[in-house]
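Participant: Let me see the structure of the following:
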Amino acid sequence: MVLDAAMRNGAVLPMRFGVVAPDARTVRDQFLRAQAARLRDLLALVAGKVELVVKASWAEQSVFQEIVAANPEIRALRDAIVGRPEPDTRATRIALGQMVEADLRVRRDQDSRRILDVLAPLAHDVKNGKNETEMMVLNAAFLVGTRRQDAFDTAVDALREAFGQRLAFRSLGPLPPYSFVSMTLEVDR
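Facilitator: Take a look at the predicted model:
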């Protein structure tokens with residue numbers, strides 16, 4: 001819509017939604033003129049670039065099967081609690097949970113590094129966001145030149161294929177560079 005059309009016609013600097021100024025003169029005088037140098041720098045930074053977001057999450061069943069298959073101690077603890085009452089196995093369950101959590105951290109670091117090693121070279125900048133769930137491996141925004149967008153999308157598709165059913169990838173974009181530019185319109189009313 002409007003934002004898509006604006007992005008096709010030039011660089012877009014995202015701003016916080018819902019800012020109100022009393023009139024165009026206030027915007028011109030208190031924001032555009034007062035921030036001209038900064039606005040020029042930011043526009044130069046994002047010119048010809050878009051934000052692409054990649055989120056990758058494990059298939060829960062798959063990653064837990066991998067962990068159990070790879071770690072005999074985890075497998076033994078899991079087997080020790082099967083069919084036994086929770087109160088009788090509380091300490092074992094806690095130990096098992098801690099071991100699985102530690103294994104997930106290692107796997108998350110390895111998998112996210114593998115993804116970033118492929119995608120980061122195609123981007124001008126990368127911002128890692130907070131993982132939204134414990135099964136999320138990566139939540140990252142990439143500032144990508146519009147000319148490299150097809151190569152970036154191809155790389156995401158190759159990662160999707162390489163990880164198979166183990167990881168689900170979600171891509172968002174192209175978006176304005178929300179993660180790379182922070183603008184606020186402060187006006188006197």
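Participant: Where does pLDDT dip in this structure?
Facilitator: Residue ranges of the chain with pLDDT under 70: 1-7, 9-19, 183-189.
Participant: Where do the helices of it begin and end?
Facilitator: For the chain, the helices defined by DSSP state H occupy 2-9, 24-26, 36-46, 60-70, 72-81, 90-119, 149-163.
Participant: of those, which approaches residue 127 most closely?
Facilitator: helix 90-119 (11.5 Å; C-beta to C-beta). Where C-beta positions appear, they are placed from N, C-alpha and C, glycine not excepted.
Participant: I'd like the distance between residue 23 and residue 35.
Facilitator: 17 Å (C-beta to C-beta, to the nearest Å).
Participant: What of residue 79?
Facilitator: On the measure of C-beta to C-beta, residue 79 and residue 35 end up 64 Å apart.
Participant: Between those two, tell me which one has more neighbours.
Facilitator: Comparing residue 79 with residue 35 by other C-beta atoms under 10 Å, the one with more neighbours is residue 35, at 16 against 10.
Participant: Make a markdown table out of the helices of the chain and add distance to residue 132.
Facilitator: Output for the helices of the chain, formatted as a markdown table (distance: least, C-beta to C-beta, whole Å):
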| stretch | distance to residue 132 |
| --- | --- |
| helix 2-9 | 24 |
| helix 24-26 | 38 |
| helix 36-46 | 25 |
| helix 60-70 | 14 |
| helix 72-81 | 25 |
| helix 90-119 | 13 |
| helix 149-163 | 18 |
